[in-house]
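> coords below, sequence missing:
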């Protein structure tokens, strides 16, 4: 689900990028003439309120305005603030990486971030900027009706500008999502490697989730370190929570077992489910020399026996 | 240091590797240890590698070789105190050191050597040996 979303964001970005490059190549011809100050800033400033009203109307028509996740007043505020920032920044020139654009870019990134938190899709987030095109172009058309050359020029400039804004929005959207994924991954890693002391000299490691190389490395290191720290002679690796075991996972497990043996301790693998036992045999993985048990209780009783402990019942079962 | 000291403690020999092993040092140790076992008639060798922080495939193999040689000279050998990083490196190098008895620390290593010796003495000369924790063929070579 998350993956599909990222793919969609990627396609959206590619689409916008291709449009921007198209706009750029066409605009090159007129670039020399645009050296004179663009009239966009001027028009933006003069018709701020009208443009904002039309923009909100447009947003509502496309569905964003009716969304319960964001109120109309909030939307109005955002459009108004963006227009103020845009008209100020546009007056300084069309280079969005310059200092004058910082406030606008920050604002867009903030909007993007809040959209992510409210659960909007990348499409809906991008629509915020792109739905401004129609009112702006309509305004340009009205203002420059007599001067066709200037109208074409300003349209290109405006397209380029809004596409850049769209790119920034989507990039911020994607970055927020990626940060979220990274944070969750980190949390998962931290959560998934608890080494538990079962008894004097017996450690247990309940593994949960898919075993990849990075996780195995962390698991192996923390387990080996605990063995050194506690001087435990037996380690039980419980794989009840591992959904699937393929050849790679089996190899990781074998490596861990070998490393534990090299340290001078012994290892039991427990929690092998019937399906996993079948898969291991079908894959032809050789688990010889590794003690495996069906559940943790069996592994613990074997471990206790190996260390010379005995468990006795002091009260008869009723 | 161009030599690793070999200490004698009763019927056992103690080797503590406190420096990073280079190839020549390992070869010298191999010579010294084998001649020392022969000279003293030691029945057990304990190799402490707890201070060893770096290994390569050569040193890994040397540890296995030294252990195997001592065994042929009729001395039980136990390697103790391998660091986690070293263990992971050896596994990644594909060296699982089969047949080498490992122990977590010196105390456990000595306990193992004493147990082996007690088993030998208890068995006397005509009795067969207990199985030696998977070290197949070990017990039958002795008498």
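Good, I have the coordinates. Keep in mind that this is a model prediction, so the values were computed, not measured. Numbering: from 1, shown residues only, chains lettered A, B, ... in the order given.

> how far off centre is stretch A:159-171?
In terms of Cα atoms, centre = their mean, to the nearest Å, the gap separating the centre of stretch A:159-171 from the centre of its chain is 21 Å.

> next, the buried residues of stretch A:48-59.
Of all the residues in stretch A:48-59, those buried under the rule 16 or more other Cβ atoms under 10 Å in any protein chain shown are A:48, A:51, A:52, A:54, A:55, A:56, A:58, A:59. All C-beta atoms are positioned from the backbone trio N, CA, C, and that covers glycine.

> which residues in chain B form strands?
Listed in chain order, the strands of chain B (DSSP state E) span residues B:6-9, B:12-16, B:44-48, B:76-80, B:101-103.

> do the same with the stretch 201-318 of chain A
Taking DSSP state E, counting those that start in this stretch as the criterion, the stretch 201-318 of chain A carries its strands at A:202-208, A:234-241, A:266-270, A:291-292.

> please identify which of those strands is closest to chain B.
strand A:266-270 (9.8 Å; Cβ to the nearest Cβ).

> still on that earlier bit, want to throw the strands of chain B into JSON lines with mean pLDDT?
Below are the strands of chain B laid out as JSON lines (pLDDT from 0 to 100):
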{"stretch": "strand B:6-9", "mean pLDDT": "91"}
{"stretch": "strand B:12-16", "mean pLDDT": "92"}
{"stretch": "strand B:44-48", "mean pLDDT": "93"}
{"stretch": "strand B:76-80", "mean pLDDT": "92"}
{"stretch": "strand B:101-103", "mean pLDDT": "92"}
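
> show me which residues of chain B are close to chain A?
Taking Cβ under 8 Å from any Cβ of the partner chain as the test, the list of chain B residues beside chain A reads B:79-84, B:86-88, B:90-92, B:96-97, B:102-105, B:108-109.

> what is the nearest of the buried residues of stretch A:48-59 to chain B?
Nearest to chain B among the buried residues of stretch A:48-59 is residue A:59, at 56.5 Å by Cβ to the nearest Cβ.

> how far is the host helix or strand of the closest one from where the chain is centred?
For residue A:59, the element it lies in under DSSP states H and E is helix A:48-61. Between the centre of helix A:48-61 and the centre of its chain there are 32 Å (Cα atoms, centre = their mean).

> can you say which helix or strand has the residue most central in space within chain A in it?
Relative to the mean C-alpha position of chain A, the nearest C-alpha, by Cα atoms, centre = their mean, is the one of residue A:178, at 2.6 Å. Of the helices and strands defined by DSSP H and E, residue A:178 is found in helix A:148-191.

> and that helix, what does it pack onto?
The helices and strands touching helix A:148-191, judged by 3 or more Cβ pairs under 8 Å, 6 or more residues apart in numbering or on different chains; DSSP states H and E, are helix A:2-31, helix A:40-46, helix A:102-118, helix A:122-130, helix A:133-143, helix A:213-230.

> from the contact counts, what lies against the fourth one?
In terms of contacts (3+ Cβ pairs under 8 Å, 6+ apart), helix A:122-130 is packed against helix A:2-31, helix A:102-118, helix A:148-191.

> what's around residue A:175, how many residues?
14 (other Cβ atoms under 10 Å in any protein chain shown).

> against residue A:82, how distant is it?
In this structure, residue A:175 and residue A:82 are separated by 19 Å, where distance is defined by Cβ to Cβ, to the nearest Å.

> residue A:97 now?
With distances taken as Cβ to Cβ, residue A:97 is found 18 Å from residue A:82.

> looking at these two, which is more packed in?
Neighbours per residue (other Cβ under 10 Å) separate residue A:97 from residue A:82, with residue A:82 holding more: 20 against 8.

> what strand or helix carries the more buried one?
For residue A:82, the secondary-structure element it belongs to, assigned by DSSP H and E, is helix A:72-91.

> and that helix with helix A:102-118, angle?
Counting by axes from the mean of the first three to the mean of the last three Cα atoms, to 10 degrees, helix A:72-91 points 150 degrees away from the direction of helix A:102-118.

> name the residues that touch helix A:72-91?
Counting by Cβ atoms under 8 Å, 6 or more residues apart in numbering or on different chains, helix A:72-91 makes contact with A:38, A:40-42, A:44-45, A:48, A:51-52, A:55-56, A:59-60, A:64-65, A:96, A:100-101, A:103-104, A:107-108, A:111, A:128, A:132, A:161, A:165, all of which sit outside it.

> what's the neighbour count on the closest residue to chain B within the stretch 51-200 of chain A?
Among the residues of the stretch 51-200 of chain A, residue A:195 lies closest to chain B, at 12.3 Å counting by Cβ to the nearest Cβ. By other Cβ under 10 Å, the residues close to residue A:195 number 19.

> mind listing what the closest residue to it other than its chain neighbours touches?
In space, not counting the residues next to it along the chain, residue A:195 is nearest to residue A:226; the distance is 4.4 Å by Cβ to Cβ, 6 or more residues apart in numbering or on different chains. When the contact criterion is Cβ under 8 Å, 6+ apart, the partners of residue A:226 are A:195, A:203, A:232.

> how close does residue A:226 get to residue A:235?
The span separating residue A:226 from residue A:235 equals 8 Å under the rule Cβ to Cβ.

> what's the overlap in contacts for those two?
Taking Cβ under 8 Å, 6+ apart as the contact rule, residue A:226 and residue A:235 both touch residue A:203.

> check contacts around the most centrally placed residue in chain B.
Relative to the mean C-alpha position of chain B, the nearest C-alpha, by Cα atoms, centre = their mean, is the one of residue B:77, at 3.3 Å. The contact partners of residue B:77, taken as Cβ under 8 Å, 6+ apart, are B:44, B:45, B:46, B:47, B:66, B:67, B:70, B:71, B:100, B:101.

> at 7 Å what do you get?
Residues counted as contacts of residue B:77 (Cβ atoms under 7 Å, 6 or more residues apart in numbering or on different chains) are B:45, B:47, B:67, B:70, B:71, B:101.

> please apply the same query to residue A:118.
Taking Cβ under 7 Å, 6+ apart as the criterion, residue A:118 is in contact with A:69, A:70.

> please repeat the previous calculation with a cut-off of 10 Å.
Counting by Cβ atoms under 10 Å, 6 or more residues apart in numbering or on different chains, residue A:118 touches A:67, A:69, A:70, A:124, A:125.

> from those, list the buried ones, please.
Buried members of the contacts of residue A:118, scored by 16+ other Cβ under 10 Å, are A:70, A:124, A:125.

> format the residues you listed as CSV; extra columns: distance to residue B:114.
Written out in CSV, the entries for these read as follows (distance: Cβ to Cβ, whole Å):
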residue, distance to residue B:114
A:70, 76
A:124, 74
A:125, 72
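
> show me what counts as buried in stretch A:110-119.
Residues of stretch A:110-119 classed as buried by neighbour count (16+ other Cβ under 10 Å): A:111, A:112, A:113, A:115, A:116.

> related to what we said a few turns ago, for the residue nearest to the centre of chain B, name its beta-bridge partners.
Each beta-bridge partner of residue B:77 is listed here: residue B:45, as defined by DSSP bridges.

> how close does it sit to residue A:68?
Distance from residue B:77 to residue A:68, by Cβ to Cβ: 74 Å.
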